[in-house]
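1. build me a structure from this.
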Amino acid sequence: MPFSRSFLSEEQLLCSICLDVFDNPVSTPCGHNFCVTCIGHYWDSVKHCQCPLCKQTFKRKPDLHINRTLREITEQFKHMKGNLGTSGGDEADRDAEKGETTQEPVGSTLRPGQLPGYLLEEMKQRLTRHRAHSNTLASQNETWSEQTDTPNTNSTSDTQPPDFARQVSLRRYTLSGAADTMKVPLCPKHHRNLELFCQSDLECICVECGQTEHQSHDITCAEKEWQSHKMKIGITENEIQEMTKQRMEKVEEIKQSLVDIKTLSEHEVQRSMQLFGALISSLERSQAGLLEVTEINRRSAEHQAELMITELEQEITELRRRSTALAKLAQTENYITGLKGFSDVSTPKTMKDWTGISLTCDLGTKTIYTSVCQLLEQFKEELQKAPAFCLSVSANQSPVKSHPSKTSVEVKRIQEYAVDVTLDTNTAHPRLILSEDKKKVWCGERHQQVPNNRERFDRVVCVLGCEGFTSGRHYWEVEVDGKTDWDLGVASHSCNRKGKITVSPSNGNWFLSLRDKNNYAFRTEPSTALPLSMRPQKIGLFVDYEKGQVSFYNVDAKMHIYTFMDNFSETIYPFFSPCTNKTGKNYAPLVISPVLMD
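-> Residues are numbered from 1 along each chain as shown. So this is what the prediction gives:
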């Protein structure tokens, strides 16, 4: 009894690398199957030996052996597909309806690689028809040759070759055999088949092009080049799916982190209400300060979450677009279109590594709780004079001592990355005055005679640090005491130094600013106001180049102020602007101070 056409699905026998039916399939230790050639090429092209599907890594390259059972199944499937998909297969179906199909004896078994009898019979019939057709063409060709040897002036039609001969004469040939005139594109310059691929210029060319302007280039067969690229589509698609999955998981992680931060914020507010309830008359200002700091950090966390989610969603959209394009590209048979499309799709845009990035927020309540603790000690002394039932309120029961500040620990940790920063005189605005040790800068009344080199800022009164960063973590501190205006942060090497500067992260500037003594702001688009109840006297700046992080801290209060998250692609430098002196009101210098470890 012949096998049913639906006995096996072609998708079950496809190699996930070349997207074709298995050819000499082998099984990896993790249980997945691939063509022996495909998996060999894949392992030769990667650093670590791993499965393209499940990404399981093997310590050493496994010894692979042909899966004989699967190979016999795929070979029989290929024979069945080739025979049942032809007209001969249709005839066999009609014969089966008449009861004339040759059937295998009931209960008979086929040896490995043996085809059913009805398929062998069909193959014999097709071979006989093919030989008869070939003999007919040969005899017609000989007759036509004899006729052309005898001139006939009465009829021009006798000298014309038969239809089949004209078709053969019009057919063009490629490196892989005869080609259909309407399907193979021509070289616009030489009108010959585009059957070669120039790896130097990444374009299809003809043989004559390869012998002239592309003579010194690396040239391969275009069709083989496309098959090589086509094998990479499955691998690239799997990688895109994995990257998409990771980013979707990161979106959920960030959303959950934001929920936790909001919950923590609400918890801190509720805890503060309980703590200040008994001391409302003396601690009202402290309570207001705590609420303010908590709200600022919550807003900062929300802002960071929105930026991160937006960036992740953009990357997910781009990955899905590439996945769709790859799926369409895998279906094309035109190697010209395929090679051109694959070059566009397989070159990914630069994407951020989200592995070590997460949404964090410190509520910065350490300083306020310290002052509250002191007030509680004073209040305890007053309570000792009160009736005994009031002694239940004790400083030892205060949550301040049982919850150490995360920010204090964080500041101590990042201070370990302290670097020696000095000011670069070649970048300083002509009005700026630098100390001999290049650690202080302030703004003078008039311009100095300095070279107008391309590194120097000519309009904004600012200066960069000598030390540029292209990797790693770095920390430094700047004293801002006595100033009414200043800008601190980092700037990229390519930032604009001539004329007006548009300050924003998109233009290579990551700044924290003070204006008019009390107005703090993050220099984003637009600027984000930052109401601070405690004026910082010393600012700590921390840079993590790989994470794209720039953080600002109130050093004395050990309080986190704000963090920029971005993606650095070039050298960045410490940025300092003391701003104009405002007729002496802002004459105090910015001072790069040594980092003192607690």
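2. in the stretch 301-450 of the chain, which spans are helices?
-> 335-346, 366-383, 399-402, 406-414 (DSSP state H, counting those that start in this stretch).
3. lowest mean pLDDT across these, which one is that?
-> In terms of mean pLDDT, the lowest-scoring of these is helix 399-402 (a mean of 30).
4. grab the longest helix from this structure for me.
-> In the chain, taking DSSP state H as the definition, the longest helix is helix 222-277.
5. angle of that one against helix 335-346?
-> 20 degrees (axes from the mean of the first three to the mean of the last three C-alpha atoms, to 10 degrees).
6. helix 222-277 packs against which elements?
-> Packing contacts for helix 222-277, counted by 3 or more C-beta pairs under 8 Å, 6 or more residues apart in numbering; DSSP states H and E, involve helix 36-45, strand 196-198, helix 280-331, helix 335-346. Yep, even glycine has a C-beta here, placed from its N, CA and C like the rest.
7. the following helix or strand past the shortest one pairs with which strands, parallel or anti?
-> Sequence order places strand 203-205 as the next helix or strand after strand 196-198, per DSSP states H and E. Partners of strand 203-205 in the sheet, by DSSP bridges, are strand 196-198 (antiparallel).
8. got a list of contacts for the partner strand?
-> For strand 196-198, contacts defined as C-beta atoms under 8 Å, 6 or more residues apart in numbering pick out 175, 203-207, 209-210, 214, 217-222, 225-226, 339.
9. list buried members of the residues you listed by neighbour count.
-> Buried by 16 or more other C-beta atoms under 10 Å: 203-207, 209-210, 214, 219, 221-222, 225-226, 339, out of the contacts of strand 196-198.
10. for Leu590, which non-adjacent residue is spatially closest?
-> Pro578 (4.9 Å; C-beta to C-beta, 6 or more residues apart in numbering).
11. and the one you found, what does it touch?
-> 432, 441-443, 461, 483, 485-486, 586, 589-590.
12. give me the buried subset of those residues.
-> Buried, going by 16+ other C-beta under 10 Å: 432, 441-443, 461, 483, 485-486, 586, 589-590, out of the contacts of Pro578.
13. what is the nearest of those residues to Phe552?
-> Trp486 (12.1 Å; C-beta to C-beta).
14. now the buried ones among the contacts of strand 196-198 as a markdown table including distance to Ile309?
-> Formatted as a markdown table, the buried ones among the contacts of strand 196-198 follow (distance: C-beta to C-beta, whole Å):
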| residue | distance to Ile309 |
| --- | --- |
| Glu203 | 41 |
| Cys204 | 43 |
| Ile205 | 47 |
| Cys206 | 51 |
| Val207 | 54 |
| Cys209 | 50 |
| Gly210 | 51 |
| His214 | 48 |
| Ile219 | 48 |
| Cys221 | 47 |
| Ala222 | 44 |
| Glu225 | 41 |
| Trp226 | 39 |
| Leu339 | 37 |
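15. show me what contacts Asn232?
-> Not quite, residue 232 is Lys, not Asn. Lys232 neighbours (C-beta under 8 Å, 6+ apart): 342, 346.
16. from Ser16, how far off is it?
-> 12 Å (C-beta to C-beta, to the nearest Å).
17. check Gly499 too.
-> 56 Å.
18. leaving out the residues flanking it, which one is nearest to the residue nearest the centre of the chain?
-> In the chain, the centroid-proximal residue (C-alpha atoms, centre = their mean) is Met351; its distance is 3.1 Å. For Met351, ignoring the flanking residues on the chain, the nearest one in space by C-beta to C-beta, 6+ apart is Glu315 at 5.5 Å.
19. and if you look at Ala588?
-> Going by C-beta to C-beta, 6+ apart, Ala588 has Gly482 as its nearest residue, at 3.5 Å.
20. give me the secondary structure label for that neighbour.
-> coil (DSSP: H, G, I helix; E, B strand; the rest coil).
21. could you report the neighbour count for it?
-> 11 (other C-beta atoms under 10 Å).
22. pretty sure it contacts Leu590?
-> No. Taking contacts as C-beta atoms under 8 Å, Gly482 lies outside contact range of Leu590: 10.3 Å.
23. quick check, Ser492 in contact with Pro505.
-> No. The criterion here is C-beta under 8 Å, and Ser492 misses it with Pro505 at 9.6 Å.
24. okay, those two: which has more neighbours?
-> Pro505 (21 against 18).
25. tell me the spacing between that one and Gly489.
-> Pro505 is 10 Å from Gly489, by C-beta to C-beta.
26. contacting residues for the residue nearest to the centre of the chain?
-> With C-beta under 8 Å, 6+ apart, Met351 has these contacts: 243, 315, 318.
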